[in-house]
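Undergrad: my questions are about this predicted structure, shown below with the sequence.
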Amino acid sequence: MNRLLVFLTLLSLTVVSTQARQADQVMRHISDYQVDANELIDAALADSAAWNRLAYLTDTFGPRFSGSENLELALDWVLEEMKKDGLENVRSEPVKVPHWVRGEERLTILAPHKRELQILGLGGSVGTGPNGVQGEVFVVNSYDDLEANKEMAKGKIVLWNVPFTSYGATVSYRGNGAVRAAQVGAIASLVRSVTPASMYTPHTGNSNYSEDVPKIPHAAVTVEDALMMQRMQDRGQRIEVHLFMDDFWLPDADSRNVMGEIVGSEFPDEVIVLGGHIDSWDVGTGAMDDAGGCVAAWEALRLMKVLGLTPKRTVRVVMWTNEENGMRGGNAYRDAHINELDDHVLAMESDGGVFAPIGFGFSGSDEAFDVITQIGKLLNRIDSGKITRGGGGADIGPIMREGVPGMGLNVDGSKYFWYHHTNADYVDKLDPVDVSKSVATMAVMAYLVADLDQKLPR
């Protein structure tokens, strides 16, 4: 027994020692790339090329909602510019996308006073019909609150006045509010905009319906108006409004994912894919969400090309379509490349605004996490190399579920949800230096993973 214990102890120490030597070798090997990393960082920070390209894209083509002419014109421009940059295999892949159209929208408060309130219909909402919907507002603060007072909500317009705690928690009311309100007999649903701060700006976003309950109109009001109507109800005042929404659906439209590459010098079939979603909501210009992520990934490849850095593996930038109201682009990419996913080494996404970068959240094996952590150290000079467990993105989610390691760019998103899905999403909200640092962060990570001697372990 003692001999067995000694043997197992020695075996364990041998394994640990071997792993330590391998980790040390990886660390020394990665440290050899500091010069290349610094070149990419210096090139990204040398000017405001990324911010300028982002400004041109968003100023010129505006909001790029699925099914819109703006989106398709933007995609045409991207393809031409990628070719001018010298990227290889520049192409598009077809995607059928949903086509919801926002018509005229009005919310008028009639009592206790009369005036127009700002609203944005939520994606996919049905219209009200030509006469609109008029009724008394009933304010609730949670699903439990509605359930406890469902008799009072029947025949009224339910307003979900739910404070922002986190996007993941609060967005449920935007997504499911119309269904839950309809289940208790409400005639329409309003939701307090999903944001921690407001300057009388409504926020749109996607929403859902269920086939087993009536589809009722669903719109977002400003935080200020939600709080005002809460105060009115608390005083016992009757709140009456008239809601008009001329929103409607058209048949699915033709769109595209677009992409370009730097083809690997030794393992061209092994691919590192990075990008963001090129579509946006139909308000603002979608600079933060998510043209910035697209341009940062695109510029990462352009800088590799400019510096003559050709990695061993292929680096592919993808701009996915229809993330906002359908996820058709991410799913179409998975379907088109399903037989190649064993050779997709890493998928990287930026969809949180290109504010000051912090690092990445990574989802993959422990061995891969250790490698990514070492690469992150090359970004310490711009404070963007912190690697945490768990990360990815909506568009790379479909291929991650097929086993591809994934990571998402982490940024200082403290103000992201101030402007998210609003008319205020313009490029002026982004600092050119932060955008350049985001480019550098994505470029260094993508290049290093693509150029390692060994494929990133799964």
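TA: Yep, that arrived.

Undergrad: look up which helix or strand residue 391 falls in, please.
TA: If you go by DSSP states H and E, residue 391 is not part of any helix or strand.

Undergrad: tell me where the stretch 1-150 of the chain has strands.
TA: Using DSSP state E, counting those that start in this stretch, the strands of the stretch 1-150 of the chain run over 88-101, 105-111, 115-117, 119-121, 133-140.

Undergrad: tell me the contacts of residue 95?
TA: Residue 95 makes contacts with 254-257, 321-322, 328-329, 332, as judged by Cβ atoms under 8 Å, 6 or more residues apart in numbering. C-beta here means a position set from N, CA and C on the backbone, and glycine is covered the same way.

Undergrad: how far away is it from residue 340?
TA: Remark: distance between residue 95 and residue 340 (Cβ to Cβ, to the nearest Å) = 18 Å.

Undergrad: can you check residue 379 too?
TA: Residue 379 is 29 Å from residue 340, where distance means Cβ to Cβ.

Undergrad: when these two are compared, which one has more neighbours?
TA: residue 379 (25 against 12; other Cβ atoms under 10 Å).

Undergrad: residue 152 is in contact with residue 139, isn't it?
TA: No. With contacts counted by Cβ atoms under 8 Å, residue 152 stays clear of residue 139, the gap being 10.3 Å.

Undergrad: quick check: buried residues in stretch 151-167?
TA: By neighbour count on 16 or more other Cβ atoms under 10 Å, the buried set for stretch 151-167 is 153, 156-162, 164, 167.

Undergrad: with stretch 451-458 instead?
TA: So, applying 16+ other Cβ under 10 Å, buried residues of stretch 451-458: 451-452, 456.

Undergrad: show residues contacting that stretch.
TA: By Cβ under 8 Å, 6+ apart, the surrounding residues in contact with stretch 451-458 are 29-30, 33, 267, 270, 311-313, 345-346, 364-365, 367-368, 371-372, 403, 405, 449.

Undergrad: mind listing which of the residues you listed are in helices?
TA: Among the contacts of stretch 451-458, the members falling in helices (DSSP state H) are 29-30, 367-368, 371-372, 449.

Undergrad: now do the strands in the stretch 201-350 of the chain.
TA: With strands called from DSSP E, counting those that start in this stretch, the stretch 201-350 of the chain shows them at 218-221, 240-245, 248-262, 267-277, 313-320, 344-349.

Undergrad: now for the second one, which elements pack on it?
TA: What it means is strand 240-245. The contact analysis (3 or more Cβ pairs under 8 Å, 6 or more residues apart in numbering; DSSP states H and E) places strand 240-245 against strand 105-111, strand 133-140.

Undergrad: now that strand: mean pLDDT?
TA: The predicted model assigns strand 240-245 a mean pLDDT of 98.

Undergrad: which neighbours in the sheet does it have, and how are they oriented?
TA: Note on strand 240-245: by DSSP bridges, its sheet partners are strand 105-111 (antiparallel), strand 133-140 (antiparallel).

Undergrad: the helix or strand harbouring residue 189 pairs with which strands?
TA: Per DSSP H and E: residue 189 is located in strand 188-192. On the basis of DSSP bridges, the sheet neighbours of strand 188-192 come out as strand 157-160 (parallel), strand 218-221 (parallel).

Undergrad: against which helices or strands is the helix or strand following the first one packed?
TA: Moving toward the C-terminus from strand 157-160, the next helix or strand (DSSP H and E) is helix 167-183. For helix 167-183, the contact count by 3+ Cβ pairs under 8 Å, 6+ apart identifies helix 143-148, strand 157-160, strand 188-192, strand 218-221 as packing neighbours.
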